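*Asks:* sequence and predicted structure below; questions after.
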Amino acid sequence: MRFDIDLRLYLVTGRELLPPGKSYEESLEEAIKGGVTVVQVREKKCDTGEFLDIAQRSKAICDRHNIPLIINDRVDVALAVGAHGVHLGQTDMPFAVARKLLPPNVIIGISVNTVEEALKACEDGADYLGIGAVYATSTKDLTKPILGPRGAARILTALESKSIKTVVIGGIKRTNVLRTLHGIRSSGPSLRGLDGVAVVSDIVASTTPFDASKQLYNLTSAALTSFSARSAPTPFSTEALLQRAVAAFALIRKHGPLVHQITNTVVQNQSANATLALGASPIMSANPREVEDLSKFPGALLVNIGTLAEEDTAGMIAAGFHANQHGKPVILDPVGVGATAHRRQTCDKLLNVWQATCIKGNPGEIGALYGSDEVLARGVDSVGAGFADPASIVKNLARREKCVVVMTGPTDWISDGFSVLRIDNGHPLLPNITGSGCMVGSAIACGCAAVSASAEQARDKDVEDGQLVRGDILAGIVAGLLAITIASEVAGGRADVKGTGTFLPALIDELANITPEIIAQKAKLNVLS
Ligand SMILES: Cc1ncc(COP(=O)(O)OP(=O)(O)O)c(N)n1
Ligand SMILES: Cc1nc(C(=O)O)sc1CCOP(=O)(O)O
């Protein structure tokens, strides 16, 4: 029977990173007191005698606090100090040899960077996997590709049927740990997530390792507890969702939340006017120097890659990162992502840094993100008849990206990865004005901003709940979609609207005129599953 270790906060040591004046023992003990649940001694530069000495001193501290100790690379050192386990990389002693040398109760963890390595380690009988590197790190010279949360999630998806424990490593910090845990989950039915995170510099390089590990532990523990308490959401009826969406719409007017929009130069003005008409407050800025401050206001962030200027990308990356950190919903509008390799690479980069709350696109854009060529894009537009099975496309992409996916068109298809819904509101003039899709993105962002601001106002900030965003996000998204599509119907039906030129100002007027009652009355919403 092997040790059953709690992997929630796995400290990997790094003596060379200690801040001046902090001893190794002091730092380790403070980190353990803060919440570290397992310690790995990692020494890459010392000889065997020094390694043994450090391992013995670490073991004494860990024993005092009843925390298991793992030794990096060296089976002999692990045996000599009576460690609870050994961590082996792909080029270290082969698993089978280490297994033979170690007592049966000593655990073996294996580093993996690919699905193949993960499956092989499971077959061999490893006790846990260290998946990495998730992000760039200066703690180690990486020789394998950086996985990003989505690459790590692909490994977890391949482990659907396995019971092996997993942690991730590489660049994990207090600022990104929630986003990491939320993003790295299997796309399969089990939705399995990680068992913990392994951290070096965010704890070891800190002058206050107690605080660092306490925060990391609280965030990780709360997130993992919230995942284990959660199964597939309870199914809901069309009527119930409509009620939620109507309530969410009313919150836009009640809170007037800030909607930070990094959007393209073609539509800035009309997106800002649509946001104001709905009752929210737009701010249009891609400047990396101010996105952190903006992320502190309740509301939402919209990232629209429509005119993708080089200088805007840094702002998009930083804005999403800080929005995740402050619990703000992030809406990605991947305009024209199918049109160029640069747009595809940019979306990949964005989605590997931050976790989107909602991805909204036309069929060409959603197909390009999904990796399907069933519907092709011409520039920013979709071409062809659409997907044969749009419900499966939105549901599968939502599961993969851990967010709500909205695919717009005469019918809007929406999924959170569990339910699929459709909305059949809209007017034929809507797609004929430039930037109508971008305004839909702004309306969705307004709905998300409202439910999030309302939930943030109500929550007890002293209790860590492990959530990345709060509020009834699906209802907020549906509220935004219904508001703009219904407003387009009313505007398009007006006698003074003669074509696209008169339609746009009428649409802005009708966005301002729309009420919860009009939404409840005119919604063509259907929950399909
Ligand atoms: C928990 C955890 N995961 C991965 C590693 C990396 O181990 P390895 O591949 O052996 O590389 P080095 O740490 O030896 O540089 C780890 N140490 N811990
Ligand atoms: C020891 C180690 N192994 C990695 C891997 O990818 O296998 S990354 C890494 C260093 C992690 O340090 P930090 O938390 O400071 O980024």
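*Replies:* Noted; the coordinates are in hand. Ligands and ions are numbered 1, 2, ... in the order given.
*Asks:* spell out which parts of the chain neighbour ligand 2.
*Replies:* 12, 111, 132-133, 137, 139-140, 142, 169-172, 199-201 (Cβ under 6 Å from any ligand atom). Where you see a C-beta, it was placed from the backbone N, CA and C, and this is true even at glycine.
*Asks:* go with 8 Å
*Replies:* Proximity of the chain to ligand 2, by Cβ under 8 Å from any ligand atom, involves residues 12, 14, 17, 42, 72, 89, 111, 113, 130, 132-135, 137-140, 142, 144, 169-173, 198-202, 204-205.
*Asks:* list only buried entries from those residues.
*Replies:* 12, 14, 17, 42, 72, 89, 111, 113, 130, 132-135, 137, 139-140, 169-173, 198-202, 204-205 (16 or more other Cβ atoms under 10 Å).
*Asks:* returning to that earlier point: intersect the residues of the chain next to ligand 2 with the contacts of ligand 1.
*Replies:* Answer for the residues of the chain next to ligand 2 near ligand 1 (Cβ under 8 Å from any ligand atom): 12, 42, 72, 89, 111, 130, 132, 140, 169, 198.
*Asks:* I'd like those laid out as TSV, including secondary structure and pLDDT.
*Replies:* Output for those, formatted as TSV (DSSP: H, G, I helix; E, B strand; the rest coil; pLDDT from 0 to 100):
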residue	secondary structure	pLDDT
Val12	strand	98
Arg42	coil	98
Asn72	strand	98
Gly89	coil	98
Ser111	strand	98
Gly130	strand	98
Gly132	strand	95
Lys140	coil	97
Ile169	strand	98
Ala198	strand	99
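*Asks:* ok, so of the residues you listed, who is nearest ligand 2?
*Replies:* Lowest distance from ligand 2 to those (Cβ to the nearest ligand atom) belongs to Gly132, with 2.9 Å.
*Asks:* element containing Ala445?
*Replies:* Under the criterion of DSSP states H and E, Ala445 resides in helix 436-458.
*Asks:* pLDDT on that helix, on average?
*Replies:* What helix 436-458 shows for mean pLDDT is 97.
*Asks:* and what of stretch 492-511?
*Replies:* pLDDT averaged over stretch 492-511 gives 97.
*Asks:* residues contacting the residue in the stretch 301-450 of the chain positioned nearest to ligand 1?
*Replies:* When scored by Cβ to the nearest ligand atom, the stretch 301-450 of the chain has Asn352 as its residue closest to ligand 1, at 19.2 Å. By Cβ atoms under 8 Å, 6 or more residues apart in numbering, the residues touching Asn352 are 148-151.
*Asks:* let's go with 10 Å and repeat that
*Replies:* Residues near Asn352 by Cβ atoms under 10 Å, 6 or more residues apart in numbering: 134-135, 146-152, 183, 317.
*Asks:* ok, those vs Thr265, which is closest?
*Replies:* Using Cβ to Cβ, the shortest approach to Thr265 within the contacts of Asn352 belongs to Ile317, at 19.1 Å.
*Asks:* hmm, Thr357 is touching Ala398, no?
*Replies:* No. Using Cβ atoms under 10 Å, Thr357 is not in contact with Ala398, being 11.1 Å away.
*Asks:* tell me the pLDDT of the residue in the stretch 201-350 of the chain that ligand 2 sits nearest to.
*Replies:* In the stretch 201-350 of the chain, the residue that lies nearest ligand 2 is Ser201 (3.1 Å; Cβ to the nearest ligand atom). The pLDDT attached to Ser201 in the predicted structure is 98.
*Asks:* what of Met1?
*Replies:* 63.
*Asks:* got the domain ranges for the protein?
*Replies:* 9-229, 238-527 (automatic domain parsing).
*Asks:* can you tell me which of the ones you listed is most buried?
*Replies:* domain 238-527 (a mean of 21; mean count of other Cβ atoms under 10 Å).
*Asks:* ok now that one, how far from the chain's centre?
*Replies:* 17 Å (Cα atoms, centre = their mean, to the nearest Å).
*Asks:* ok now do the spatially most central residue of the chain, which residues does it touch?
*Replies:* Centroid check for the chain by Cα atoms, centre = their mean gives Gln355 as the closest residue, at 2.6 Å. Contacts here follow Cβ under 10 Å, 6+ apart; on that basis Gln355 touches 149-150, 176, 178-184, 320-321, 323-324, 330, 401-403, 468-469.
*Asks:* so what pLDDT did it get?
*Replies:* pLDDT, Gln355: 98.
*Asks:* quick one, helices of the stretch 351-500 of the chain?
*Replies:* Assigned by DSSP state H, counting those that start in this stretch, the stretch 351-500 of the chain shows helices spanning 363-370, 390-401, 436-458, 473-492, 500-513.
*Asks:* show me the contacts for the closest residue to Gly426 other than its chain neighbours.
*Replies:* Spatial nearest neighbour of Gly426, chain neighbours left out: Thr485 (4.3 Å); criterion: Cβ to Cβ, 6 or more residues apart in numbering. For Thr485, the contact set (Cβ under 10 Å, 6+ apart) comprises 408, 412, 423-427, 430, 440, 443, 519, 522-524.
*Asks:* try it again with 8 Å
*Replies:* Counted by Cβ under 8 Å, 6+ apart, Thr485 has contacts 412, 423, 425-427, 430, 440.
*Asks:* for Thr48, same thing?
*Replies:* 74, 76-77.
*Asks:* between those residues, which is closest to ligand 1?
*Replies:* Nearest member of the contacts of Thr48 to ligand 1, counting by Cβ to the nearest ligand atom, is Arg74, at 9.8 Å.
*Asks:* and the pLDDT for the nearest residue to Ser529 once chain neighbours are set aside?
*Replies:* Spatial nearest neighbour of Ser529, excluding adjacent residues (Cβ to Cβ, 6+ apart): Val420 at 5.1 Å. In this prediction, Val420 carries a pLDDT score of 97.
*Asks:* when you give positions from now on, start the count at 597
*Replies:* I'll keep to 597 as the first residue from here, and by that count the last item is Val1016.
*Asks:* tell me what Val1016 is bridged to.
*Replies:* Ser1011 (DSSP bridges).
*Asks:* am I right that Ile667 is in a strand?
*Replies:* Yes. Counting by DSSP: H, G, I helix; E, B strand; the rest coil, Ile667 falls inside a strand.
*Asks:* how near is the nearest residue to it once chain neighbours are set aside to ligand 2?
*Replies:* Nearest residue to Ile667, sequence neighbours excluded (Cβ to Cβ, 6+ apart): Ala674, at 3.9 Å. Remark: distance between Ala674 and ligand 2 (Cβ to the nearest ligand atom, to the nearest Å) = 17 Å.
*Asks:* and Ala674, what does it touch?
*Replies:* Ala674 neighbours (Cβ under 8 Å, 6+ apart): 651, 666-667, 681-682, 698, 702.
*Asks:* just Leu947 next, same as before
*Replies:* 744, 746, 928, 997.
*Asks:* Ser1011 too?
*Replies:* Per Cβ under 8 Å, 6+ apart, neighbours of Ser1011: 987, 990-991, 993-994, 1000-1001, 1017.
*Asks:* can you list which of the contacts of Gln951 are found in strands?
*Replies:* Val926 (DSSP state E).
*Asks:* now, the contacts of Gln951 that are in helices?
*Replies:* Applying DSSP state H to the contacts of Gln951, the entries found in helices are 745-746, 774-779, 916-917, 919-920, 997.
*Asks:* the residues you listed: which two are farthest apart?
*Replies:* Once Cβ to Cβ is applied, the ones in helices among the contacts of Gln951 give Arg746 and Ala919 as the farthest pair, at 17.9 Å.
*Asks:* which pLDDT value belongs to Ala973?
*Replies:* pLDDT at Ala973 comes out at 68.
*Asks:* returning to that earlier point: as JSON lines, the contacts of Thr644 with distance to Leu904, pLDDT and secondary structure would be great.
*Replies:* Shown next, in JSON lines, are these (distance: Cβ to Cβ, whole Å; pLDDT from 0 to 100; DSSP: H, G, I helix; E, B strand; the rest coil):
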{"residue": "Arg670", "distance to Leu904": "49", "pLDDT": "98", "secondary structure": "coil"}
{"residue": "Asp672", "distance to Leu904": "54", "pLDDT": "98", "secondary structure": "helix"}
{"residue": "Val673", "distance to Leu904": "51", "pLDDT": "98", "secondary structure": "helix"}
